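Enquirer: Okay, here's the prediction I keep looking at, along with the sequence it came from:
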Amino acid sequence: MPLSSYESLFFWIFGITAIFAGLLTVMAKNAVHSALFLISSLVSVAALFVLSGAEFIAGVQILVYVGGVMVLFLFVIMLVNVGAEEQGRDEIFNNQRQVTASLIFCFLLVLGVLYAVNKGSSTLIRQNLSAEAVAEQQAARNATLNRSATGTSSITNDTGQIGSSLYRYGSLPFEIASVLLLVAIVGSVMLARTLRQEASADDVDPEVLQDESLRDPELIRFESASQE
Amino acid sequence: MVSYLVHGLMFFLQEAGSTPQAGMKNAMLEGLKHPDLSKFLVVGALLFIIGVAGVLTRRNIIVIFMSIELILNAANLNFIAMSRYLQETGSVNALAGQIFAVFVIVVAAAEAAIGLGIVIALYRNKETIWVDEIDLLKW
């Protein structure tokens, strides 16, 4: 799948941005900076998705990851106060031995990847199409598509195909995924409750409640409020 | 481990020596001008390795979760690149990669929600988000 000339320019820009933003995510001292670098990495990967013709996945990536998951991350960073890290008093990495071991491991992974790509890329490209041939193929495919209202570009039907095959072949996994999301919602609400909230839902062991109410006298008030 | 390293280095030296210099340079230039499937896979693999390094080395549990997101994203990049490749070779089921990427994103969202809920509960009990101080299960 050789990309054409302007696509390859964008490929290098976004690929290198994704890798360096990923590196900075791991190396940034401040967790908020990490989150922002991760956002730029995710956006660059979304651009790579667009380059390989997956516009729908790119949109989902931006909406779900950048719009949903990363906002969640930033909220949690705000809730758990990481003051010590911001002021640079604490070490951000594990102790020396663990870091050395894991860096050696990652170096071996890099070597393995380079070996595999070198070895496999020639056999992977079965019909060794030249860039011109691929461009011709794409032009032929584009000619059959509908034009946009202004007539300057064609509208791909990939998203429609994804939708139909998602419901035709992937309907059971789709339903399972929706159940998984429901379980995740309920589970995270359950996990993040405070003891007071648990008490007001009458969901605490009486012995635990007795012990804890010595520390927090108002707790018993929440408990009795739910009795009425 | 050492022998693996030496073998890898030997392989690169051999590759560099076996092809004629001009032909290899041309092939590299061609690869730079028209990046193909292998370049996408290399970007995905590098993102994966960066994510693994983050999981193994960082102390902040939130940054470890972010590194896991990087890993999942690298897997998605591979799925999409393979899907494009199969489309061009005329495979019937070429869009399966994109469908799988949707499910990976769903699982990543669920994992982030649950994981961050656990982080909040943990912070409430232990007052720390450093993973080396959360050693209740350490032997």
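Expert: That came through fine.

Enquirer: tell me the domain boundaries of chain A?
Expert: Following automatic domain parsing, one finds the domains of chain A at A:1-88, A:168-228.

Enquirer: Comparing these, which comes out most buried?
Expert: domain A:1-88 (a mean of 19; mean count of other Cβ atoms under 10 Å in any protein chain shown). Quick note: C-beta positions are derived from backbone N, CA and C, even for glycine.

Enquirer: Would you enumerate the residues in contact with residue A:18?
Expert: Applying Cβ atoms under 8 Å, 6 or more residues apart in numbering or on different chains, we find residue A:18 in contact with A:41, A:44, A:45, A:48, B:43, B:47.

Enquirer: repeat that with 10 Å
Expert: Taking Cβ atoms under 10 Å, 6 or more residues apart in numbering or on different chains, we find residue A:18 in contact with A:40-48, B:43-44, B:46-47, B:50, B:70, B:73-74, B:77.

Enquirer: And residue A:42, by the same measure?
Expert: By Cβ under 10 Å, 6+ apart, the residues touching residue A:42 are A:18, A:21-22, A:25, A:61-62, A:64-66, A:69-70, B:69-70, B:73.

Enquirer: Figure out the helix or strand that it lives in.
Expert: Element membership for residue A:42 (DSSP states H and E) is helix A:31-51.

Enquirer: and that helix, average pLDDT?
Expert: In this model, helix A:31-51 carries a mean pLDDT of 93.

Enquirer: Ok, stretch A:173-193 next?
Expert: 91.

Enquirer: Would you mind pulling the contact partners of it?
Expert: A:72, A:76, A:79, A:166-167, A:170, A:197-201, A:203, B:99-100, B:102-103, B:105-107, B:109-122, B:124.

Enquirer: sorry, back to before: redo the domains of chain A as CSV? Include distance to residue B:139.
Expert: Converted to CSV, the domains of chain A look like this (distance: least, Cβ to Cβ, whole Å):
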stretch, distance to residue B:139
domain A:1-88, 27
domain A:168-228, 25
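
Enquirer: Quick one: closest of these to residue A:117.
Expert: Of all the domains of chain A, the one in closest proximity to residue A:117, counting by Cβ to Cβ, is domain A:1-88 (14.1 Å).

Enquirer: May I see the domains of chain B written out as residue ranges?
Expert: Chain B breaks down by automatic domain parsing into domains covering B:1-34, B:36-139.

Enquirer: Save the ones you listed as a markdown table, and put in mean pLDDT and mean neighbour count too.
Expert: Converted to a markdown table, those look like this (pLDDT from 0 to 100; neighbours: other Cβ atoms under 10 Å in any protein chain shown):
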| stretch | mean pLDDT | mean neighbour count |
| --- | --- | --- |
| domain B:1-34 | 61 | 11 |
| domain B:36-139 | 89 | 20 |
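
Enquirer: any idea what residue B:93 is structurally, helix, strand or coil?
Expert: Of the three states, residue B:93 takes coil under DSSP: H, G, I helix; E, B strand; the rest coil.

Enquirer: tell me the contacts of the spatially closest residue to it that is not a sequence neighbour?
Expert: Excluding the flanking residues, the one nearest residue B:93 by Cβ to Cβ, 6 or more residues apart in numbering or on different chains is residue B:86, at 7.6 Å. By Cβ under 10 Å, 6+ apart, residue B:86 lies in contact with A:1, B:37, B:92, B:93, B:94, B:95, B:96, B:97.

Enquirer: which residue is nearest the middle of the chain?
Expert: In the absence of a named chain, this looks at chain A. In chain A, the centroid-proximal residue (Cα atoms, centre = their mean) is residue A:65; its distance is 4.9 Å.

Enquirer: if you could check chain B rather than the one you did, that'd help
Expert: Central residue of chain B (Cα atoms, centre = their mean): residue B:48, 1.8 Å from the mean position.

Enquirer: Touching, it and residue A:112? I think so.
Expert: No - counting by Cβ atoms under 10 Å, residue B:48 sits too far from residue A:112 to count as a contact (11.4 Å).

Enquirer: what's the helix or strand for residue B:32?
Expert: Taking DSSP H and E as the criterion, residue B:32 maps to helix B:21-33.
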